[in-house]
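[1] Here you go, sequence then predicted model.
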Amino acid sequence: MMLRYALQTVRDRKGGFLGAFLALMCAAALITACGTLLETGLRGTIKTERYAAAPVIVSADQNVHRTTVKHKKGKTKVKHKAKPIAERAWLQARDIEDRLKSAPGVGAVVPELTFLAQPLKPGGSGGSGGSGTPSYGHAWESAALTPFRLVDGTAPRSSRDLVVDRGLADRMGLRPGDQLTVQSTQSPRDYRITGVAAPERDALTHQTSLFFSSEEAERLAAHPGKVTAFGVVPDKGTTATDLEKAVEKAVEGTTAQVSAGGDRGPVEFLDAAGARVKLISIGGAMGGTSLLVAVLVVVGTFALSVQQRHRELALLRAVAATPKQIRRLLGREALIVGAVAGAVGALAGMPLGGWLHARFVATGAVPATLERTVSVFPPLVAVGATLLGAWAAARIAGRRIVRIRPAQALAEASVERQRPAWSRIVAGLVFLAGGVVLVAVLSVLRTEAASTPVTFLTVVVFACAIALLGPLVVQAAAALLRGPLRLTGPGGKLAHANLRGNAARMAAVVTPLALLTGMACTVLFVQPTLDDAARAQARDGLRANWVLAAQGPGVPAQAARKLRTTDGVEAATEVVRTTVRVGLDKYPAQGVTPENLARTWAPDVTAGSIEDFGAESVAVSELAADRLGLKPGSTLAFTLGDGTKTELTVRAVYARGLGFGDLTMAHDLVARHVDNPLAATVLVKSDRTQEQLAADVEKFPGVHVLTPAAVDGLQAASRQANAEVNLLAMGLVLAFTAIAVVNTLAMSVSERLREFAMLRLAGATRRQVLRMLRTEALAVLLIGTALGSGVALAVLTAFSVGMTGSAAPTVVPLVYVSVITVAGLLALTATALPGRAALRPLPVTVATAKE
């Protein structure tokens, strides 16, 4: 029976449920899109390309491990955790190769070397012939792994010979006999193309391959006695499954890992495997924030919908409908709307998730090799979350009407209750206290990974407090605005009366405005706060007056050596960047040339000294020193980027960790354990002119001499590109919140037909009513944006204190004004259009119409 009544109510009051439908539909679309990202991170396919002909791949372990044993109540619990390393781990060749060759069913063991090898375009810039794909060098003997076959020319024999893949040859117009300059791990070198090779099956779409002679490949790989991996080919009559088992048994007891089938892709494309974690983090953060915002918005929308039907529900109570029946009616209405909105939103969320994934690939946040995974799980979860959210929102919104007596319900239907229920006030104060606690916590968090989720959670918690305490806040604001509003004439007086007398309705509009402003300002100013602090530290810590930078993969070590032997050059400090792990915790690190380091680099040393910095030394930031309990003279054990464990002595503790990373080591140590050993920059202290230094390094293609200010601008552009990922991730949440603002305002105005008609009958003109609406909208906008700005300022200040040590977050005035302008345009548009529509019917017709 209740289901039939609910269906009839939804059918007859489509306009009243439209706002809730739109909010729920947007929520379902967002949850589905975020779910597809999360699922791609968990189960996304990474297909192999170069290892297609080798059913089994043996490679080094790409993780650091920690095993803990706990004894509690007579039970022993063993926990094992693993975290990926930042660079490619290399495998000891001789012992593993001997084991593999002796395994039964093995037909061939093909060693694989993978290293940086970037073809240079004319003019010295790096590229891969215009394809935008990464380029790697290999030994020709590993061509059998794909397999590649020569389609033109001969295999490389000497150290100056080179075979290129057909894709690169076609893009750059290359053929046997041509010369090609390649920037690899050493100085750029000219090679003679002896052949063009192509895969037997599909062309490589995610990489460019250059094949060198075995001796030259070993020199460029710069890992003597090590290989990237071994490809194992079965003997005749041996199945892939039997081969995998035999190989696993052969390498048992070593650190080698065996991959077969679909597991070969992550071994070939390490960046795609690492991107899984990023997608899981982005999808989880977006999904969680979207869900919290959705619940907050939907509860407010349903509350406004129930408030519009207060008289109708009160009449049902008066004709003997029990509280249980009213709850069932509201719950079924919500489930009907939620089911339809969830289904439509889930369908819309699938292409939205595809668009998001494509944008992440386009910005470089996710490599194209990690293919998007689509299944029924995200839409089902979205529909389930929508149903649950709609049902819970309806129960919360109808809580008041089902608990009061029938006669009291009719009385309250005519006049809005002036004071919220005590339970609502208490809940609002609890959320307010929770927001204050989160602000305090945020001010002591010093890592981006820890502070980012707390930042957005704090905004949502404060928004919940505003939603619950909204009527009191609106009444207080009405008291403050009484004088200014009354000065604007009759429209202002009516607007003030509405603010004071309909505080609950106005609060439903204030909440999404505050959430929009607070969330937008937080999203837009968090990254600039961090970036500006990092740039300032890097700028203040630079004593060099010139900087070498490259358009290609980096500055060769030979360029820095050339400058060190040049008259007038005091110091040339190479800087190569990586990420290391102390235990399982990740720290950004850099390698610098120890010689004359203090002449080019000033990290604001607070303990120890960098004067005696050497090959066995490490300098750490204050953050790392505090977290790890380090001081000058301490020994720090950690894992380098390629998984190599080492111990160094702490020589200094410095304050500018944001600008230079948490750990600083000797350049040669870091360069031996990274995929790209070329320096990101070379800091030069010299009295020579820019033109003179440029002439000194002119034989190195793509290397330029820049001023520190120019390098600072390039780094700012790079950070901006990284920030685009976060803006894109949270932009949809902001769009959803903006829709909620329009939705709530339109619902608030459209319910006031009778009020407008009575004003018209009392003598007010159509223009005066619209002026009153605009004044109300501006007052509500002022309240909402003021609350949102206050929340954002508190959150950003706490974030800045924790991350930078300064209570001055970066706020770009033009961006802030743009946020307020957009909010204002949304508020005025969502008020004016429904208001004009509400004033079209004749006042007499509306006033005498039956509800």
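    Perfect, thanks for sending it.
[2] switch to C-alpha atoms for all contacts and neighbour counts from now on
    Will do.
[3] Can you get me a residue count around residue 324?
    Residue 324 is flanked by 11 other residues according to other CA atoms under 10 Å.
[4] I'd assumed residue 693 was in a helix, is it?
    Yes - inclusion of residue 693 in a helix is indicated when DSSP: H, G, I helix; E, B strand; the rest coil is applied.
[5] Would you map the helices across the stretch 751-851 of the chain?
    According to DSSP state H, counting those that start in this stretch, the stretch 751-851 of the chain carries its helices in the segments 753-761, 766-804, 813-838, 843-848.
[6] now, of those helices, which is deepest in the fold?
    Ranked by mean neighbour count, the helices of the stretch 751-851 of the chain are led by helix 766-804 with a mean of 22 (mean count of other CA atoms under 10 Å).
[7] Can you tell me which of the helices of the stretch 751-851 of the chain is nearest to residue 621?
    helix 766-804 (12.5 Å; CA to CA).
[8] which one's the longest strand in the chain?
    The strand of greatest length in the chain, counted in residues with DSSP state E as the criterion, is given as strand 569-582.
[9] Which strands and helices lie in contact with that one?
    Counting contacts by 3 or more CA pairs under 8 Å, 6 or more residues apart in numbering; DSSP states H and E, strand 569-582 packs against helix 557-564, strand 585-592, strand 635-639, helix 667-671, strand 681-686.
[10] buried stuff in the third one?
    When you say that, I think you mean strand 635-639. Neighbour-count burial for strand 635-639, with 16 or more other CA atoms under 10 Å as criterion, is recorded at 636, 638, 639.
[11] Quick check: mean pLDDT of it?
    Per-residue pLDDT over strand 635-639 has a mean of 96.
[12] Begin at 30 from now on, thanks
    All set: I'll call the first residue 30, so the last point we hit is now strand 664-668.
[13] would you put the C-alpha positions of that strand in PDB?
    As requested, C-alpha coordinates have been extracted for strand 664-668 and formatted as PDB (Å, rounded to 0.1, in the frame of the first residue of the first chain):
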ATOM      1  CA  THR A 664      74.100   6.300  11.000                       C
ATOM      2  CA  LEU A 665      71.200   6.100   8.500                       C
ATOM      3  CA  ALA A 666      70.300   2.800   6.900                       C
ATOM      4  CA  PHE A 667      68.000   3.000   3.900                       C
ATOM      5  CA  THR A 668      67.200   1.600   0.500                       C
END
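[14] Adjacent strands (with direction) for the next helix or strand after it?
    As assigned by DSSP states H and E, the chain's next helix or strand after strand 664-668 is strand 674-683. Neighbouring strands of strand 674-683 in its sheet, by DSSP bridges, are strand 634-637 (antiparallel), strand 646-650 (parallel), strand 664-668 (antiparallel).
[15] Mind telling me what element residue 643 is part of?
    Using DSSP H and E, residue 643 falls within no helix or strand.
[16] State the distance from residue 417 to residue 53.
    Residue 417 is 11 Å from residue 53, where distance means CA to CA, to the nearest Å.
[17] okay, these two: which has more neighbours?
    The residue with more neighbours, out of residue 417 and residue 53, is residue 53; 33 against 17, by other CA under 10 Å.
[18] Just the buried residues of the helix or strand hosting that one, please?
    Secondary-structure assignment from DSSP H and E places residue 53 in helix 43-72. Buried positions in helix 43-72, judged by neighbour count with 16+ other CA under 10 Å: 45-70.
[19] Let me see the domain layout of this protein.
    With automatic domain parsing serving as the domain definition, the record reports that the chain contains domains spanning 85-300, 575-735.
[20] Return the distance of the first one from the chain's centre.
    If I follow you right, that is domain 85-300. The chain centroid and the centroid of domain 85-300 are separated by 30 Å under CA atoms, centre = their mean, to the nearest Å.
[21] Could you do the shortest one as well?
    Mean-position distance between domain 575-735 and its chain equals 28 Å (CA atoms, centre = their mean).
[22] contacting residues for the residue nearest to residue 460 when sequence neighbours are not counted?
    With CA to CA, 6 or more residues apart in numbering as the measure, residue 494 is the residue that lies nearest to residue 460, at 5.0 Å, once sequence neighbours are left out. Taking CA atoms under 8 Å, 6 or more residues apart in numbering, we find residue 494 in contact with 456, 457, 458, 459, 460, 461.
[23] 10 Å instead, please
    453-464, 488, 540 (CA atoms under 10 Å, 6 or more residues apart in numbering).
[24] Residue 812 now?
    Neighbour list for residue 812: 502-503, 506-507, 510, 536, 538-540, 542-543, 806, 818 [criterion: CA under 10 Å, 6+ apart].
[25] And residue 297, by the same measure?
    Going by CA under 10 Å, 6+ apart, residue 297 touches 75, 76, 77, 78, 79, 80, 86, 88, 143, 257, 258.
[26] and with 7 Å instead?
    Residue 297 makes contact with residue 77, according to CA atoms under 7 Å, 6 or more residues apart in numbering.
[27] what sits against residue 831?
    471, 472, 473, 474, 475.
[28] nope, residue 857 is what I was after
    By CA under 7 Å, 6+ apart, the contact list for residue 857 reads 803, 806.
[29] Distance check, it against residue 870.
    To residue 870, residue 857 is 21 Å away according to CA to CA.
[30] Residue 760 now?
    If you measure residue 760 against residue 870 using CA to CA, the figure is 39 Å.
[31] Likewise for residue 648?
    When CA to CA is the yardstick, residue 648 and residue 870 sit 76 Å from each other.
[32] More neighbours: these two, which one.
    More neighbours surround residue 648 than the other of residue 648 and residue 870, with 29 against 12 (other CA under 10 Å).
[33] distance of the more buried one from residue 686?
    If you go by CA to CA, the gap between residue 648 and residue 686 works out to 10 Å.
[34] still on that earlier bit, will you turn the domains of the chain into TSV that also has distance to residue 518?
    Rendered in TSV, the data for the domains of the chain read as follows (distance: least, CA to CA, whole Å):
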stretch	distance to residue 518
domain 85-300	64
domain 575-735	55
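[35] Worst mean pLDDT among those domains?
    domain 85-300 (a mean of 89).
[36] Quick one: end-to-end length of that one, please.
    Taking CA to CA as the criterion, the two ends of domain 85-300 lie 20 Å apart.
[37] That concludes my questions; thank you for your assistance.
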